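Trainee: Would you be able to build a 3D model of this:
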Amino acid sequence: MKLQVRVVEARNLPAMDLNGFSDPYVRLQLGKQRSRTKVVKKNLNPKWADDFSFAVDDLKEELVVSVLDEDKYFNDDFVGQVRVPVSRVFDADNQSLGNLWYPLNPKKKGSKKDCGEILLGICFSQKNSLLDLNSIADPASASKCSDLGVESPIHPSSCASPARSEDASSSNSQKTFAGLFAQIFHKTAEAAPPTPSITSRSIDLSDLSEPLFSLEMSEEDSPSSASFEQVMKAMESKDQGSELPSNLPGGIVVDQLFMITPSDLNILLFAPDSTLYASFTELQGTTEVQIGPWKLENEAESVKRVVSYLKAPTKLIKAVKGTEEQSYLKADGESYAIFASVATPDVPFGSTFKVEVLYCITPGPELPSGEQCSRLVISWRLNFLQSTMMKGMIENGARQGLKDNFEQYANLVAQNVKPVDSKDIGVNKEQALSSLQAEPQSDWKLAIQYFANFTVFSTFMIGVYVFVHIMCALPSAMQGLEFNGLDLPDSIGEFVVSGVLVLQCERVLQLISRFMQARKQKGSDHGIKAHGDGWLLTVALIEGVDLAAVDPSGQCDPYIVFTSNGKARTSSIKFQKSNPQWNEIFEFDAMADPPSVLNVEVYDFDGPFDEAVSLGHAEINFVRSNISDLADVWIPLQGKLAQACQSKLHLRIFLDHTGGGDVVRDYLNKMEKEVGKKINVRSPQTNSAFQKLFGLPQEEFLINDFTCHLKRKMPLQGRLFLSARIVGFYASLFGNKTKFFFMWEDIEEIQVLPPTLASMGSPIIVMTLRPGRGMDARIGAKIHDEEGRLKFHFHSFVSFNVAQKTIMALWKAKSLTPEQKVQAVEEESEQKLQSEESGLFLGIDDVRFNEVYSLTLPVPVSFFMELFGGGEVDRKAMDRAGCQSYSCSPWESEKADVFERQTYYRDRRISRYRGEVTSTQQKSLVADKNGWIVEEVMTLHGVPLGDYFNLHLRYQMEEVASKPMTTFVRVYFGIEWLKSTRHQKRVTKNILVNLQDRLKMIFGFLEKEYSSRQQQPPQVP
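Mentor: As a prediction, this is how the structure comes out:
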């Protein structure tokens, strides 16, 4: 015997989250059997319409229905609970309680807290007598069941069979123990063969001759027999202007525009006779596809169907069966939202989760050609039914699988419908802004609008009344403590009236003061033109809708502050308006760095000295948004007041570069000065692959990338990508791909930790994000502290020095305020001073040096130093030594008599492999000023085990006192091991042999070059 339960909806649930909403779901338990519904995000009146079936072994058991609030980072919050005895359902008429509202009880029994109500449908279903296909096929029985379904439409099984109805009417459901026993084990010769219990999800109405229950349709028109167009029309007629659901938190896998109307795109994707789904299953090798009909439920408020299939096997997983339940959440003829819940119980841990996908079809922007287009956005999330230690692995696998599947899906749709090219929706900036004109503001008109309220009117009338009274009244005799010039109230009534007059006058004076101060400082930056060349950000503020009313008059005085890259623009104040019209244009001065975000904050003006009340805020992310989509956009505001009123702003945003020339090259040149290393411009193909990998806009370009390890529970080797606005990480290990990125502005602090055994002897770069930032990248964080900050650990860089300098330079350029930049420079100077005082070179630990070469050359020290001068001798010597693509930066003074530069080249002699070499050189005069010391730290790229060590060289040149024009040279060599390896001796020997050959070649060339110059006759001027 089965107990069928339908969880329909709940109402008036208390808000459990700080945003004023809850994320409720329902957990059901009968004995040891447990089930739960899906989670409804940000809703106090959620609707589920989920069905459950429980086996009943004991009539004394209770069905426990608990409503909980999902919390991502902490334990789920308890909302309320209801207990329903199974015996109560068994003793009810037709063994069904129908649809009933049950009040939710708080956790503490004595508490009077209102926890809301939940609508449940509960009934019994027996395999051998409740619903068998033979009895349903009978028209009479189907008619009876349909009549009962109108009373309790929660489930087809709530209708009793004809046999049960007759038994109930004749014997009134015998209450004796024998009667109960007979009802439980109802086995008679006339009983139909047992059939599995049928739920609303598994019943196919197309197989029935009559409908099981009526949903405002005639008895001869079953929901399944209606065409797809008729079902959509029924949904449209029931739509009450509900909001389109927000994207699911797992991420967006498809966001594309197509040249088709929303209704036609909906038919193409979800109509039963559409060939698109068949083509998609054939493309993926899916077999045994069974597509159920669309069925109306909940009085045509929702439409559902069930699709089952056998997924093709992969290298790791065999063929598995999947069941997908699709339901329409919204269909109004212009916008459609389809929610799909996919269950794959045969995969490992498949019983612990469901994959939920949301399809949103909305009208696209207007095209210059006048054609209509549609936007298809597909998002996803995982709904874990049970806790599991494999949650992270399941999320990673699902993320990559969905991305690959829906990439094929989007390509298939693009083959059937022409996608919209980004060039086709490009909005002309001048044309879009030319139509905007700021509303003329007349001070008298605004004053009348501002002061035309009950407070001012009542104060004025009372003032007139008091004035007339003074004119008509006779002077009263002085009494009590009065004297000439002081007239005190003579009664309690006069005292109260005087107090009311004072308060009213004070309020009016405050209104006048606020108005005058607001008019004095209008605060609008409208019309201020931008200056300079660079990234120009233009924001057109058009209007606001449903802004929160915080004044007693039921209105507000809103103004808006836009902030980007540390620069702010402020709009004018709109008095006493909750739906203000601005039509103002703001231009930010040209910025050298491309902006990442635009912060929008809406305030209510309450006087110059009072703290402004925030009416809502929003953040526009240029990295995650296509700039063409921002040319005309409605931005929903966040915050308690804004979300309660569903406030929105209408903006038009444009981002252009006005400097001309090569934007990428100019930015890289600036970064080269900070990093001290030449940065090559990446090819268009590389930049395109980088943009596609992380889903970035076209203006984003790659600056550098490094091989490193991401430290979590286990080190993960991958690549760290750095661009002007983001830090990204990508790794692919045994088919499992890890990918995330966050912005430079999200970083609060960057630290360098000393090498440890866990980091394999390599320094660790720790990036700490600001509280609540970068949550999309939390998959790569090692630590999530109590303050909500994520910490990312990166180590084992091939060239730690270059990686650290590049990261620090980009971070300082993007995220630090001017005060923080000054502080960072001071700290860096202190660190350099400490390293110089301790005898360390470039902040690196002492390395054991050995003399590997010494020589006396018949050249003066001044000519020998041309070997490090960056001129003709330097380049010829490096070319003779086999160094290709040689480049060097100019010498820069670090302090008195100490200079530093960076070099780069491809060297085929320092190793048997043609690797790249980056080095930092530092030169200083010896104590007696007759020689130089040049120290060099070299990092090898593209060399086996190149990330295990750094090479240190020290050249010491002194003039020989006994032999003028002669230089004595000594070269010292050392290796700094970053990681331990058993090949240390072999690597050292290989490098040392090749290094000695290189030094002989360079010094030999230098001697010949000096001799050849001495033999040349002097040029006569």
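Trainee: which residues of the stretch 401-550 of the chain fall in strands?
Mentor: Residue ranges of the strands in the stretch 401-550 of the chain, as given by DSSP state E, counting those that start in this stretch, are 535-545.
Trainee: same question, the stretch 901-1021 of the chain
Mentor: Along the stretch 901-1021 of the chain, counting by DSSP E, counting those that start in this stretch, strands occupy 915-925, 931-941, 949-959, 967-977.
Trainee: Run through the neighbouring helices and strands of the third one.
Mentor: By that I understand strand 949-959. helix 861-864, strand 931-941, strand 967-977 (3 or more C-beta pairs under 8 Å, 6 or more residues apart in numbering; DSSP states H and E). For every residue, glycine as well, the C-beta is placed using N, CA and C.
Trainee: what pairs with that strand, and is each one parallel or antiparallel?
Mentor: In the sheet, strand 949-959 lines up against strand 931-941 (antiparallel), strand 967-977 (antiparallel) (DSSP bridges).
Trainee: and that strand, average pLDDT?
Mentor: For strand 949-959, mean pLDDT rounds to 86.
Trainee: Contacts for it next, please.
Mentor: Identification of contacts with strand 949-959 by C-beta atoms under 8 Å, 6 or more residues apart in numbering yields 801, 841, 844, 847, 849, 860-861, 864-865, 926, 930-940, 966-979, 987, 991.
Trainee: now it, how far from the centre of its chain.
Mentor: Centroid displacement of strand 949-959 relative to its chain, using C-alpha atoms, centre = their mean, to the nearest Å, is 50 Å.
Trainee: The last one now?
Mentor: When distances are taken as C-alpha atoms, centre = their mean, strand 967-977 is centred 52 Å away from the chain's centroid.
Trainee: and what of stretch 236-254?
Mentor: 18 Å.
Trainee: For that stretch, C-alpha coordinates in PDB please.
Mentor: Presented in PDB, the C-alpha positions along stretch 236-254 are these (Å, rounded to 0.1, in the frame of the first residue of the first chain):
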ATOM      1  CA  GLU A 236      -0.900  32.900 -21.900                       C
ATOM      2  CA  SER A 237      -4.400  33.400 -20.700                       C
ATOM      3  CA  LYS A 238      -3.400  32.400 -17.200                       C
ATOM      4  CA  ASP A 239      -0.300  34.500 -17.100                       C
ATOM      5  CA  GLN A 240      -0.700  37.300 -14.600                       C
ATOM      6  CA  GLY A 241       2.300  39.300 -15.700                       C
ATOM      7  CA  SER A 242       4.700  37.300 -13.500                       C
ATOM      8  CA  GLU A 243       8.400  38.100 -13.600                       C
ATOM      9  CA  LEU A 244      10.800  36.100 -15.600                       C
ATOM     10  CA  PRO A 245      12.800  33.900 -13.200                       C
ATOM     11  CA  SER A 246      16.400  34.800 -12.700                       C
ATOM     12  CA  ASN A 247      19.300  32.700 -14.100                       C
ATOM     13  CA  LEU A 248      20.300  29.700 -12.100                       C
ATOM     14  CA  PRO A 249      23.500  30.100 -10.000                       C
ATOM     15  CA  GLY A 250      25.500  27.300 -11.600                       C
ATOM     16  CA  GLY A 251      26.300  29.600 -14.600                       C
ATOM     17  CA  ILE A 252      25.100  30.400 -18.100                       C
ATOM     18  CA  VAL A 253      26.000  27.900 -20.800                       C
ATOM     19  CA  VAL A 254      24.300  29.600 -23.700                       C
END
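Trainee: ok, now which ones touch residue 858?
Mentor: Residue 858 touches 965, 966, 1007, 1010, counting by C-beta under 8 Å, 6+ apart.
Trainee: Kindly recompute the last result at 10 Å.
Mentor: 960, 963, 965, 966, 967, 1007, 1010, 1011, 1014 (C-beta atoms under 10 Å, 6 or more residues apart in numbering).
Trainee: now the helices for the stretch 601-750 of the chain?
Mentor: 640-645, 663-675, 684-694 (DSSP state H, counting those that start in this stretch).
Trainee: just to confirm, which helix or strand has residue 569 in it?
Mentor: Using DSSP states H and E, residue 569 sits in strand 567-570.
Trainee: can you pull the buried residues of that strand?
Mentor: Residues of strand 567-570 classed as buried by neighbour count (16 or more other C-beta atoms under 10 Å): 569, 570.
Trainee: Then stretch 389-396?
Mentor: Of the residues in stretch 389-396, those buried (16+ other C-beta under 10 Å) are 394, 395.
Trainee: for it, what is the average pLDDT?
Mentor: For stretch 389-396, the per-residue pLDDT averages 80.
Trainee: now what about that stretch, what contacts it?
Mentor: Applying C-beta under 10 Å, 6+ apart, the set of residues contacting stretch 389-396 from outside is 250, 347-350, 352-353, 355, 381-382, 384, 388, 397, 712-713, 736-739, 779.
Trainee: Go through those and flag which are in helices.
Mentor: Counting by DSSP state H, the part of the contacts of stretch 389-396 found in helices is residue 397.
Trainee: Mind checking which of the contacts of stretch 389-396 land in strands?
Mentor: Cross-referencing these against strands under DSSP state E gives 353, 355, 381, 382, 384, 736, 737, 738, 739.
Trainee: Which other helices and strands does the longest helix belonging to the chain contact?
Mentor: Using DSSP H, we find that the single longest helix of the chain is helix 984-1015. The contact analysis (3 or more C-beta pairs under 10 Å, 6 or more residues apart in numbering; DSSP states H and E) places helix 984-1015 against strand 850-857, helix 861-864, helix 872-880, strand 931-941, strand 949-959, strand 967-977.
Trainee: Enumerate every residue touching residue 948.
Mentor: Residue 948 touches 760-762, 796, 798, 940, 975-981, 983-984, 987, counting by C-beta under 10 Å, 6+ apart.
Trainee: go on, residue 376?
Mentor: Residue 376 touches 254-258, 260, 262, 265-266, 269, 336, 359-362, 364, 409-410, 413, 417, 419, counting by C-beta under 10 Å, 6+ apart.
Trainee: Just the buried ones out of those residues, please.
Mentor: 254-258, 260, 262, 265-266, 269, 336, 359-361, 364, 409-410, 413, 417, 419.
Trainee: now could you export just the CA positions of stretch 51-59 as CSV?
Mentor: Provided in CSV are the C-alpha atoms of stretch 51-59 (Å, rounded to 0.1, in the frame of the first residue of the first chain):
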residue,chain,number,x,y,z
ASP,A,51,4.7,14.2,-6.2
PHE,A,52,6.0,11.6,-3.9
SER,A,53,5.1,8.0,-3.0
PHE,A,54,5.9,6.2,0.3
ALA,A,55,5.4,2.5,1.2
VAL,A,56,3.2,2.2,4.3
ASP,A,57,4.1,-0.6,6.7
ASP,A,58,2.5,0.7,9.9
LEU,A,59,-0.7,2.8,10.2
